[in-house]
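J.: my questions concern the predicted model and sequence given below.
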2 protein chains.
Amino acid sequence: MNGRSKVYVEGPTGVRVPFTEVALSGGEPAVRLYDTSGPGSDPEVGLPRLRAHWIAEREGDRDTIEHDGATLPCRTQLHYAKQGVVTPEMEFVAIREGLDAEFVRAEIAAGRAILPANVNHAETEPMVIGKHFLTKINANIGTSAVSDSIAAEVEKLTWAVKWGADTVMDLSTGKHIHETREHIMRNSPVPIGTVPLYQALEKVNGDPVKLTWEVYRDTIIEQAEQGVDYMTVHAGVLLRYVPLAAERVTGIVSRGGSIMAAWCLAHHEENFLYTHFRELCEIFAEYDIAFSLGDGLRPGSIADANDEAQFAELRTLGELTHIAWEYDVQVMVEGPGHVPMHKIKENVDLQQEICGEAPFYTLGPLTTDIAPAYDHITSAIGAAMIGWFGTAMLCYVTPKEHLGLPNRDDVKEGVIAYKIAAHAADLAKGHPQAQAWDDALSKARFEFRWQDQFNLALDPDRAREYHDETLPAEPAKTAHFCSMCGPKFCSMKISQELKEYAAQGQLSARELADGMAAKSEEFAAAGGRVYLPVVDK
Amino acid sequence: MNGRSKVYVEGPTGVRVPFTEVALSGGEPAVRLYDTSGPGSDPEVGLPRLRAHWIAEREGDRDTIEHDGATLPCRTQLHYAKQGVVTPEMEFVAIREGLDAEFVRAEIAAGRAILPANVNHAETEPMVIGKHFLTKINANIGTSAVSDSIAAEVEKLTWAVKWGADTVMDLSTGKHIHETREHIMRNSPVPIGTVPLYQALEKVNGDPVKLTWEVYRDTIIEQAEQGVDYMTVHAGVLLRYVPLAAERVTGIVSRGGSIMAAWCLAHHEENFLYTHFRELCEIFAEYDIAFSLGDGLRPGSIADANDEAQFAELRTLGELTHIAWEYDVQVMVEGPGHVPMHKIKENVDLQQEICGEAPFYTLGPLTTDIAPAYDHITSAIGAAMIGWFGTAMLCYVTPKEHLGLPNRDDVKEGVIAYKIAAHAADLAKGHPQAQAWDDALSKARFEFRWQDQFNLALDPDRAREYHDETLPAEPAKTAHFCSMCGPKFCSMKISQELKEYAAQGQLSARELADGMAAKSEEFAAAGGRVYLPVVDK
């Protein structure tokens, strides 16, 4: 993209943090934008292992934790943060976010933010998820039984991070789950999340009843070894909550939730993810995998929002959050789903209260059910609002939601809609970097610096394309009007002329009060046509 | 569209109100949806004149008003409402909205709602704009100097109302303004709004300085005769407010606002729309044209939101609202524009307070400036919120905003995004009709009634198309899963089976508490595979 380049900002201890730099015309300073795209990968080779030596250097360095008299391996960012250590990863995200590294450490130490960074995923460029940082977005990809191609999924990954996905979840459920994930891990500059239950279920031939803790644990370890950075664990779907969902309009809509509900009922035993949660914590601590505590009972329709099933599970997720923290394991908590606007805020407030301010990670929420094929929009509305209210990461929804698997175009539509929601949230939260971006673009717009406006856009390609549809000629990109109003009716043009007039000191409120008639004569004497658009009649 | 048909509901005095009826399978009752599409027109002939005899029958019937000792013609819906008369138009909208006709009359009489209905636009199917009714949306169309085809504009009109536009504004600025509008008026089943200033400016060859009250007044009358239902009048751009906009990031971005600002400064006189406002009221009363008091100083960027220029003008619009009411002229008030989420509510609250609860009619607002080519989304976020807070009508924004003129596809994208915003607002406001639509669709989704889900969708065509992309075969439309998860992972399928189990009385919370182990044995004895998806392994 013309006018855009990747630059690196070096930190005090040598970390090099990427930004997209947008060079501007008209004497305006360049603007640096947060950049998730990574260094670019060759799928045959994978990405460079940026974090390899940071991880190696920490080896043996205070990487155990005492729990119940046992000494357990613990290599989490939370563990180091609680000991007062600013890791290179924390330094990296501090530069990325324009904040102090010590602030980053403190937020992680308090559990208010997580820095997902499996020690076996050295390819990641560190990023942070927490309400006091830029709002993040996640893109879901993955093969399914009816759609299955590893190359296509790796391409979707690269495409998603190009447009701004902060993390990617690999939700593959078809064949070749392990191999698909391996390719994704080695090519991903962003943290990768999974729902290990899907692979565990494949191992028992798709029969939820046959799931066991042992099969699940082995799956966790297999994925941990590959470097998965965070895992959705549906440990809050307790046996006694399942009946609460039976009378809903849309029952249980989470795949993981419905699988665990089926298991619980079939065995009439408590969810094994709940009963074995401390064992999970020990594994997660060793690899630095973050919990993404799944909301298996999230509402799947407006009618079911904020009901007892949902909030009962949330209380259990709060309990589990505090257990994970005992092991210095990083935690975020998943949230809905489908929620009408007036019930959104309650979700965040309750989650923050119950879960000790652990980061909230929501899917949308969709603010209405009536628009299949447009749920990137129905949910961007809810996502922007819930982000403003304090949700740290927004899981995207594509136009294909409820209808089919997203293709490449759908992934882009979903990512852009969610970048908009996240950025709107950052503006409403008063993030200083956020406002600067809007101001730079609006100034470019007002000054008819078309190329600057395109280059500052979230999607420069499409902005340029849409402009060129009506006024394709190159001179139109320097014209002081556009195709919407044409030259005579351009408010920005007239308004600019007013501004120039004001700058000449001829237009202060005081002067106006002093004598309009006199000013009028003066204006007429000066030619009387300052405000007249001159490009065309 | 298969499963959808137009039906008419007859009122007590013979009005026939159109609805879209969606026939459902599975024994579910049909759902009736608000229908804006009109009876379908032949562009060569125009639409039938539905209201002609209602208007004729009122002739001479209390259609004057006394003002300052003069007897003036007054044929406004507000005039009749204040006299306690329920017009056929009010009865029509009462049926459309599922409300009592007396309630409609009272809302109009109080100025809280308007029913735009120029006596010369007999083709309209009456609709109401007010915060206690369904949230409405407007679509802008119109030729410009660089894009100009009457047939294309009429087609856009028909297309816009097909997808749900409640009113359409003709913002033509190129040649053939009068002729274009005539074609639009005669083919529009929805109220048409204009900004007469654009045509007035064409009459003085595009030179704002040469505008006069006389040219403007003649233009108003010309358009009134054609049947324009509401007109944007930028009477609040006072001379003393213009300097307030000079130091903004984006100055004055309203075309009408910048034209009047240029005129005021050039003449150093007060805005002639302000000084002649009472004369405007007399004309508007005679034809029943509603004011749409233009916000010429609305913010054009996040940086300029809620500033002194904007709110100074709003106070003047409040003054003008009350003057219009003296003449029984219907009024709504226009609002921004570009506003970050945390500043949206203040806009509605202030407008409602200052303007005596006259309906608010906003453009978006866009919640960020960084996404040209996606401003239907940046603004749908703001539109949904401001609708919830009490805005009565939302003016759409298309993906081409800031870049070019919308084509047919853009019009549809804009209308659908705004139908979503309006409906999300209605849900959050607790409108009973709104919730029923979502419930019907979600129930169809949960029960795998795919055709019902498509037919209930805001855009059945695209929902069907997206579904068919991954699973095109006809049997897939009755399958109990979709391409997202495939048969084994379908949460809805598993969840449905749980629900059936619960319905057998085997799953009450009480029973679960009584003995999980016993239940488990019972389940195993029954085959143990109730929850197993059976479609595929």
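T.: That came in fine, so what should we check first? Computed from a predicted structure; not experimentally measured.

J.: stretch A:37-50: end-to-end distance?
T.: Taking Cα to Cα, to the nearest Å, stretch A:37-50 runs 14 Å from one end to the other.

J.: ok, now which ones touch residue A:304?
T.: Each residue near residue A:304 by Cβ atoms under 8 Å, 6 or more residues apart in numbering or on different chains is listed here: A:248, A:249, A:250, A:310, A:338. (Each C-beta comes from the backbone N, C-alpha and C, glycine too.)

J.: for residue A:38, same thing?
T.: Contacts of residue A:38 were listed using Cβ under 8 Å, 6+ apart, and they are A:18, A:47, A:125, A:161, A:188, A:189, A:190.

J.: inside strands: which ones of those residues?
T.: Using DSSP state E, the members of the contacts of residue A:38 that fall in strands are residue A:18.

J.: and the contacts of residue A:38, which of them are in helices?
T.: Judged by DSSP state H, the subset of these located in helices is residue A:161.

J.: for the contacts of residue A:38, which one is nearest chain B?
T.: When the contacts of residue A:38 are ranked by distance to chain B (Cβ to the nearest Cβ), residue A:161 comes first, at 18.3 Å.

J.: just for chain A, where's the confidence low?
T.: Chain A contains residues with pLDDT under 70 at A:1, A:145-148, A:471-490, A:492-493, A:495-537.

J.: about what we covered before: please identify which pair of the contacts of residue A:38 lies farthest apart.
T.: Greatest spacing in the contacts of residue A:38, by Cβ to Cβ: A:18 and A:188 (14.7 Å).

J.: which among the contacts of residue A:304 are in contact with chain B?
T.: Near chain B, judged by Cβ under 8 Å from any Cβ of the partner chain, the entries from those are A:249, A:250, A:338.

J.: of the residues you listed, which is the most crowded?
T.: Highest neighbour count within those: residue A:338, with 29 neighbours (other Cβ atoms under 10 Å in any protein chain shown).

J.: that older thread, more neighbours, residue A:18 and residue A:188?
T.: Just comparing residue A:18 and residue A:188: by other Cβ under 10 Å the higher neighbour count belongs to residue A:188, 28 against 21.

J.: let me see the contact set for the residue nearest to that one when sequence neighbours are not counted.
T.: Leaving aside its sequence neighbours, residue A:188 sits nearest to residue A:157 (Cβ to Cβ, 6 or more residues apart in numbering or on different chains; 5.8 Å). Each residue near residue A:157 by Cβ under 8 Å, 6+ apart is listed here: A:141, A:168, A:184, A:187, A:188.

J.: surely the first one touches residue A:169?
T.: Read that as residue A:141. Yes. In this structure residue A:141 lies within contact range of residue A:169 using Cβ atoms under 8 Å: 7.3 Å.

J.: got the phi/psi numbers for residue A:464?
T.: The phi/psi pair for residue A:464 (degrees, to the nearest 10) reads phi -60, psi -50.

J.: longest single helix anywhere in chain A?
T.: Looking across chain A with DSSP H, the single longest helix is helix A:408-428.

J.: list the buried residues for that one?
T.: A:410-428 (16 or more other Cβ atoms under 10 Å in any protein chain shown).

J.: and that helix, what does it pack onto?
T.: In terms of contacts (3 or more Cβ pairs under 8 Å, 6 or more residues apart in numbering or on different chains; DSSP states H and E), helix A:408-428 is packed against strand A:136-141, helix A:150-163, helix A:375-388, strand A:393-395, helix A:432-446, helix B:375-388.

J.: now those in TSV, with distance to residue B:179?
T.: What follows is the helices and strands packed on helix A:408-428, written out as TSV (distance: least, Cβ to Cβ, whole Å):
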stretch	distance to residue B:179
strand A:136-141	48
helix A:150-163	45
helix A:375-388	36
strand A:393-395	49
helix A:432-446	33
helix B:375-388	30
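
J.: residue B:66 is nearest to which of the ones you listed?
T.: Residue B:66 sits nearest to helix B:375-388 of all the helices and strands packed on helix A:408-428, at 37.7 Å, using Cβ to Cβ.

J.: just the CA atoms of the closest one, as CSV, please.
T.: Output of helix B:375-388 as CSV, limited to C-alpha atoms (Å, rounded to 0.1, in the frame of the first residue of the first chain):
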residue,chain,number,x,y,z
ASP,B,375,-19.4,3.9,7.3
HIS,B,376,-22.7,2.0,7.1
ILE,B,377,-21.1,0.0,10.0
THR,B,378,-19.4,2.7,11.9
SER,B,379,-22.7,4.6,11.8
ALA,B,380,-25.1,1.6,12.4
ILE,B,381,-23.4,1.3,15.8
GLY,B,382,-24.2,4.9,16.7
ALA,B,383,-27.6,4.7,15.1
ALA,B,384,-28.7,1.7,17.1
MET,B,385,-27.6,3.4,20.3
ILE,B,386,-29.2,6.8,19.6
GLY,B,387,-32.4,5.0,18.5
TRP,B,388,-32.5,3.2,21.8
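
J.: ok, back up a step: what's the farthest-apart pair in the contacts of residue A:157?
T.: Largest pairwise distance in the contacts of residue A:157, by Cβ to Cβ, is 11.7 Å, between A:141 and A:187.
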